[in-house]
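Asks: I'll drop the sequence and a predicted model, then ask my questions.
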Amino acid sequence: MGDPKGFLKIGRKPPPKRRVEDRVQDYRHVHEHLTEDELRNQAARCMDCGVPFCNIGCPLGNLVPDWNDLVYQSDWRRAIDRLHATNNFPEFTGLLCPAPCEPACVLTINDDPVTIKEIELSIIDRAFDEGWVAPKPPPPEKRTGKKVAVVGSGCAGLAAAQQLNWAGHSVVVFEKDDLVGGLLRYGIPDYKIEKWVIDRRIALMEEEGIEFRTNAHVGHDPSTEELKRDYDAIILAVGALAGRDLDVSGRDLGGIHLAMEYLTQQNRRVAGLPVNEPEITAKDKKVIILGGGDTSADCLGNAHREGAESVQTLTHGPKPPENPDRSTWPDWPFILHTHAPHEKGGEREWNVGVTGFFGENGHVKQMHAVETERSPEGETNYLEGTEFEIETDLVLLAIGFEGPVRDKLLEDLNLGYNERGAIRAEDDFGTSEPGIFVAGDAKRGASLIVWAIAEGRKAARQADIYLAGRSLLSSVGDTGLG
């Protein structure tokens, strides 16, 4: 490494955030960049640790020490080459990934980890600014004559499409919504990823020869049989957007919605797109958000920006510890995550169970709740005599997902489901139907964007072997052809 003792002399410096008072007034990105000198210092903290556990912590196997050292040397051109070697879309992961590589950093054993995520984002931003990110179309003589349909345009579908296109196959991506991007587009708020970032990457992929078809609800138009007839292989990257619901009295009252219903509408409003369903808005409402994960935080950030009267985030489990247990290294620690939206305010409570809802004139007015306790076996128990009520106008259910939406396509294919409700895979990314592969959340259940990209790459390699008998694609270590 450039400075083998950098980690002894330099402390971790996370990227600065815009003032809370400013950022809740708009949907621009929350964080700002470190200066180039600050980035070089942060990169200098990367140790010559022998075994880089950050590579192992990253599902993509990102070559973190390599590009950290290149940033320290101010060799940004080579840094983006090393970053793109394993990651098709570092601008997505740099903005959105919770960075499992960081708790796996060897420094985490007794110090704060390297700011890997911020360095990654700075590399790709610099590369776009300098014009180093350009379309990479396969030579015409390498076109195989094989056609591949990718169903779903989230991270897994986009990664699979790009890999298979580079292998020389003709790729069409089908998206049921009116714009490409899947969860990136209509699930994640703009203050986490502004949508021009997605559009920029899609434009490059179109230049590379990938075709995108929107408003294409496969199973209906085109039909499942048409898809199987017209394509030599199919990649199912349909996500896991079937939201987990509550089976309690009063659930059918107005004003109680799955989180994705609200997030999709808000993303469309921010983009200036029409919303065709009955409006869900937090403006001037007493909002309750059930659930404590990323989706819950996304709802919270939107509610703040809409001008909710009050917001309470409630979860049935216990409050996680605020400091990590370093003995769990290199595994991801169980720790309280305070996201940017929590800095704006709102109540945050744990050990709350829901027993029902009460309403007037068909609309929710009150949530009935009870205190809970987690047993040593991990079961959530309701505590008698602790019942209470909370006034509310809007309840958002951000309590997880149950797997892919079981639409006509999946009914027609009848591939089966695993214990998580995801599509059953066989032989890694294959299915019971030859030539049909599955990747991302559709295969593993709701997970991280970095996992979706990794699975899209691996599914593409397996599909390439099916189509061509062998593959020069690598699932990790080489984004293009080996």
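Replies: Sure, I can see it. Numbers count the residues shown, from 1 in each chain.
Asks: State the helix or strand in which residue 356 lies.
Replies: Per DSSP states H and E: residue 356 is located in strand 352-360.
Asks: For my notes, confirm residue 99 occurs in a helix.
Replies: No - according to DSSP: H, G, I helix; E, B strand; the rest coil, residue 99 belongs to no helix; its state is coil.
Asks: secondary structure element for the closest residue to it other than its chain neighbours?
Replies: The shortest distance from residue 99 to any non-neighbouring residue, by CB to CB, 6 or more residues apart in numbering, is to residue 117 (4.2 Å). Any C-beta I mention is one placed from the backbone N, CA and C, and that applies to glycine too. For residue 117, the host element (DSSP H and E) is helix 116-130.
Asks: From the contact counts, what lies against the next helix or strand after that helix?
Replies: Downstream of helix 116-130, the next assigned helix or strand under DSSP H and E is strand 147-151. Here strand 147-151 touches helix 155-166, strand 170-174, helix 224-230, strand 233-236, going by 3 or more CB pairs under 8 Å, 6 or more residues apart in numbering; DSSP states H and E.
Asks: In a markdown table: these, plus mean pLDDT and distance to residue 426.
Replies: A markdown table is the format used below for the helices and strands packed on strand 147-151 (pLDDT from 0 to 100; distance: least, CB to CB, whole Å):
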| stretch | mean pLDDT | distance to residue 426 |
| --- | --- | --- |
| helix 155-166 | 97 | 17 |
| strand 170-174 | 98 | 23 |
| helix 224-230 | 97 | 18 |
| strand 233-236 | 98 | 13 |
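Asks: what's the most buried one of these?
Replies: helix 155-166 (a mean of 29; mean count of other CB atoms under 10 Å).
Asks: Now do the buried residues in the biggest helix by length in the chain.
Replies: In the chain, ranked by residue count with DSSP state H as the criterion, the top helix is helix 449-468. Residues of helix 449-468 classed as buried by neighbour count (16 or more other CB atoms under 10 Å): 449-464, 466-467.
Asks: same thing with stretch 407-417?
Replies: Neighbour-count burial for stretch 407-417 [16+ other CB under 10 Å]: 409-410, 413, 415.
Asks: Would you point out the most distant pair within the residues you listed?
Replies: The distance between the two most remote of the buried residues of stretch 407-417 (CB to CB) is 10.2 Å, for 409 and 415.
Asks: what is in contact with those two at once?
Replies: With contacts defined as CB atoms under 8 Å, 6 or more residues apart in numbering, no residue is shared by residue 409 and residue 415.
Asks: Report the distance from the helix or strand encompassing residue 103 to the chain centre.
Replies: In this structure, residue 103 sits in helix 101-104 according to DSSP H and E. Relative to its chain's centre, helix 101-104 lies at 17 Å (CA atoms, centre = their mean, to the nearest Å).
Asks: residues making contact with that helix?
Replies: Helix 101-104 is touched from outside by 53-58, 62, 64, 108, 113-117, 324, 329-333, with contacts defined as CB under 8 Å, 6+ apart.
Asks: For that helix, C-alpha coordinates in CSV please.
Replies: Only the C-alpha atoms of helix 101-104 are listed here, as CSV (Å, rounded to 0.1, in the frame of the first residue of the first chain):
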residue,chain,number,x,y,z
CYS,A,101,-17.4,-4.8,3.1
GLU,A,102,-16.9,-2.2,5.9
PRO,A,103,-17.7,-4.3,8.9
ALA,A,104,-15.5,-7.0,7.3
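Asks: tell me the average confidence for it?
Replies: Averaged across helix 101-104, pLDDT comes to 95.
Asks: repeat for stretch 253-260
Replies: Mean predicted confidence for stretch 253-260 is 98.
Asks: got the contact list for that stretch?
Replies: 187, 241, 243, 245, 250, 280, 289, 291, 295-296, 298-299, 357, 359, 362-364, 392-398.
Asks: From those residues, which land in strands?
Replies: 289, 357, 359, 363-364, 394-397 (DSSP state E).
Asks: which residues in the stretch 251-400 of the chain form strands?
Replies: 256-258, 286-290, 310-314, 347-349, 352-360, 363-374, 380-382, 388-391, 394-397 (DSSP state E, counting those that start in this stretch).
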